[in-house]
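Q: quick one: sequence plus predicted model below, questions after.
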Amino acid sequence: MRARVEGIRSNGAELHDSEPATSSRDLILDAAEKLMGENGYAATPISAICKESGLPVGSVYHHFDNKAGILAEVVSRGTRRHFAALADAANDESEPELRMWRYYEQAPKILIANVDIIRILFATLQQSPDSSVAAHAHAAVELAASMLCTVIEPVATLRGVSDPAATALRLAHTSITYTWGAVLTAGHDLERLTAQMAPLYDLVRGAIQVEAIEAGMAADNPQLRR
């Protein structure tokens, strides 16, 4: 799993190094990501993307067949960028509990830098005009969960939880659900997002501790495992 996370980080970095930031394609995607993140897919016409990007409609259709095609590339590009940042945080070489704390402590800054793509992913999961885009969004959620597992599972193992992998996966999905709620309510306000995210680390750590205690009690009293 660690290798997969490192691959995401390196692949994301390589992709962005090879794409000129000032290309017309990137200007279109930047505009679409901003507008779709703020207003939603349905409320973002091609004309608005043209106005925001400063490019004519012919330039948009030179790069993309339709608005669904723009959304697909916005989701693909944005998730690569977001997960490259998450991978850097997940690959901290500290001892497990400090590493987990650092990951959750860094999360608001990473999230606020990618708030529009997170909003788009959330909306895409609810209702996408293209099933392939929705599939990509679902895959992005599972990738986020796998990255979180690399941070949570070592702590669960250290604490003596009976099934560290299952605990990590459950708490990873819980963290994603909590995080998306915080992002949707905080928007681009880093201070507000940081405050809303602050309890999450303690909730995850507390849940691990409870399961560790239960595992210890079951080991001391075999009848509790029945």
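A: On my side now, so go ahead. Residues are numbered from 1 along each chain as shown.

Q: can you report how many residues lie near the residue lying closest to Ser24 once chain neighbours are set aside?
A: In space, Ser24 comes closest to Ser59 once its chain neighbours are excluded; the distance is 5.3 Å by CB to CB, 6 or more residues apart in numbering. In short, each C-beta sits where N, CA and C put it, glycine included. The tally of other residues near Ser59 (other CB atoms under 10 Å) stands at 16.

Q: likewise for Leu143?
A: Applying the criterion other CB under 10 Å, we find 18 residues in the vicinity of Leu143.

Q: give me the helix or strand of this structure that scores worst on average pLDDT.
A: Of all the helices and strands that make up the chain, helix 2-18 has the lowest average by mean pLDDT, DSSP states H and E, namely a mean of 43.

Q: after that one comes which helix or strand?
A: Sequence-wise, the next helix or strand downstream of helix 2-18 (DSSP states H and E) is helix 24-39.

Q: so which elements touch that following helix?
A: Contact partners of helix 24-39 among helices and strands, from 3 or more CB pairs under 8 Å, 6 or more residues apart in numbering; DSSP states H and E: helix 46-53, helix 57-63, helix 67-90, helix 115-126.

Q: show me the contacts for the residue nearest to Ser24.
A: Shown in contact with Ser59 (CB atoms under 8 Å, 6 or more residues apart in numbering): Ser24, Ile28, Cys50.

Q: from Arg25, how far out is it?
A: Here the criterion is CB to CB, to the nearest Å. By it, Ser59 lies 9 Å from Arg25.

Q: just to revisit the earlier point, tell me the one of the contacts of Ser59 nearest Ala139?
A: Taking CB to CB as the measure, Ile28 is the one of the contacts of Ser59 closest to Ala139, at 23.6 Å.

Q: chain center to the longest helix along the chain, what's the gap?
A: Using DSSP state H to assign secondary structure, the helix with the most residues in the chain is helix 190-220. Remark: helix 190-220 is offset 20 Å from the chain centroid, using CA atoms, centre = their mean, to the nearest Å.

Q: report the angle between the axes of it and helix 115-126?
A: Comparing the axes of helix 190-220 and helix 115-126 via axes from the mean of the first three to the mean of the last three CA atoms, to 10 degrees yields an angle of 60 degrees.

Q: what mean pLDDT does helix 190-220 have?
A: Mean pLDDT, taken over the full extent of helix 190-220, equals 90.

Q: got it, and stretch 147-161?
A: 94.

Q: hmm, who's touching that stretch?
A: With contact meaning CB under 8 Å, 6+ apart, stretch 147-161 is reached by 1-2, 5, 8, 83, 86-87, 90, 96-97, 99-100, 103, 164-165, 167-169, 171-172, 175-176, 204-205, 208-209, 211-212, 215-216.

Q: what secondary structure does the residue nearest the centre of the chain sit in?
A: To find the centre residue of the chain, average its C-alpha atoms and take the closest one (CA atoms, centre = their mean): that gives Ala144, at 5.2 Å. For Ala144, the secondary-structure state derived from DSSP: H, G, I helix; E, B strand; the rest coil is helix.
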